[in-house]
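Undergrad: Fold the following.
(chains A and B, ligands or ions: 1)
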Amino acid sequence: MDFISRGFRGRPREQAPAGRLPPGQYMVRDFPVLSAGPTPHTPLSRWTFSITGEIDEPRQWTWEQFRALPTETITKDIHCVTKWSKFDTVWEGVSVDTLLDGVDTTAEYVLAFSDGGYTTNIPLQDLTEGKAWVAFAFGGEPLEPEHGGPARLLVPHLYFWKSAKWVRGLRLMSENSPGFWETYGYHDYGDPWREQRYSGD
Amino acid sequence: MDESQLRLDGNAAAGILREVFAMDVSGAQEACASCGTIGWMGAQHLYMYPLAPGAVVRCSTCGDVLMVLVRGGGRYRLALPGLRWLEMREPVQAPPET
Ligand SMILES: [Zn+2]
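TA: Alright, predicted model coming up:
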């Protein structure tokens, strides 16, 4: 099994506007699909979104309740750790500030958890003050399952593995705890501008 | 008896580990720690670059993660979170010339 070939190349690389590409990245126009497992197909009737962990009253929304929350349209550049970046992606989602509104917590860390068992850890302050969303639409269309639909986390200022596909909730934690890729060798924080790809970078 | 006399330094396993890690793992048999199914590594499901930031082998019966390998930053990190065991055939020695 050739586990680790990095020989893959897409189309010829286009020149990106200066200052907009983090170090080591190249620009794409398509939207590559990355996945560490099969695509879950949870029916909306069984979908919920939860806030659990260090919180007095855990919160949970059904799909209808979630979609009744105020939404925002977000236009951001995204940066995948496999080195592609995509500019001006347009999403619609619910701000994490809305989901955490009024929550009193001593937690400083979050573990996002998804259908299929995927997890990723993020400091709580990287999810608040307009920095993260739970997105349910991309490019004006419902988010396709391959791209994380019905809903994915969107944390565009970090490498895109932090934007967990098929997200089902956030666990508030007082201690940091690595998620899936963070356990297996990727960076704990993942800032593309500091090229924090791998553990120890 | 002193416990430390019963064990060796991990370096002492270097020889046999070198034998095992040189083998073709796709031809190995494995048992999934989650569902217990025994199968061939090469028949399990692999998600890998460029479709994933690392190689993830999942049990083709239950979908749980058997093995993850990430190469980057000048290192390989290998994890076997879902393998109960992995079994490789000892290479057959050529019979001596007569
Ligand atoms: Zn299994």
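Undergrad: okay, CA-based contacts and neighbour counts for the rest of this
TA: Fine.
Undergrad: contacting residues for the closest residue in space to residue A:131 that isn't next to it in sequence?
TA: The shortest distance from residue A:131 to any residue other than its chain neighbours is 6.4 Å, reached at residue A:155 (CA to CA, 6 or more residues apart in numbering or on different chains). Applying CA atoms under 8 Å, 6 or more residues apart in numbering or on different chains, one finds that residue A:155 lies in contact with A:126-127, A:131-133, A:162-163.
Undergrad: need the contact list for residue 78.
TA: As the question left the chain open, I've gone with chain A. Applying CA under 8 Å, 6+ apart, one finds that residue A:78 lies in contact with A:85-87, A:89, A:156-157, A:159-160.
Undergrad: try chain B instead
TA: A:184, B:67-70.
Undergrad: Parallel or antiparallel, which strands does the lengthiest strand in chain B pair with?
TA: Once chain B is assigned using DSSP state E, the strand that runs over the most residues is strand B:65-72. Sheet pairing of strand B:65-72 (DSSP bridges) gives strand B:55-58 (antiparallel), strand B:75-79 (antiparallel).
Undergrad: State the next helix or strand along the chain beyond the last one.
TA: Scanning forward in sequence from strand B:75-79, with DSSP states H and E defining helices and strands, the next element found is strand B:83-87.
Undergrad: That following strand packs against which elements?
TA: Under the contact definition 3 or more CA pairs under 8 Å, 6 or more residues apart in numbering or on different chains; DSSP states H and E, strand B:83-87 sits against strand B:29-32.
Undergrad: Residue B:71 contacts residue B:56, correct?
TA: No - counting by CA atoms under 8 Å, no contact exists between residue B:71 and residue B:56, whose distance comes to 11.9 Å.
Undergrad: Settle it for me: which of those two has more neighbours?
TA: When neighbours are counted by other CA atoms under 10 Å in any protein chain shown, residue B:56 comes out ahead of the other of residue B:71 and residue B:56, with 23 against 20.
Undergrad: quick one: contacts for the more buried one?
TA: A:36-37, B:46-48, B:65-69.
Undergrad: redo that, cut-off 10 Å
TA: If you count contacts by CA atoms under 10 Å, 6 or more residues apart in numbering or on different chains, residue B:56 has them with A:3, A:35-37, B:45-49, B:64-70, B:79.
Undergrad: and it, how far is that from residue A:35?
TA: Plainly put, residue B:56 is 9 Å away from residue A:35 if you go by CA to CA, to the nearest Å.
Undergrad: ditto for residue A:129
TA: Computed as CA to CA, the residue A:129 to residue A:35 distance reads 28 Å.
Undergrad: Give me the nearest residue to residue A:116, chain neighbours excluded.
TA: Sequence neighbours aside, residue A:40 is the residue nearest to residue A:116 in space, at 6.3 Å (criterion: CA to CA, 6+ apart).
Undergrad: Helix or strand for that neighbour, just tell me which one.
TA: With secondary structure defined by DSSP H and E, residue A:40 is part of neither a helix nor a strand.
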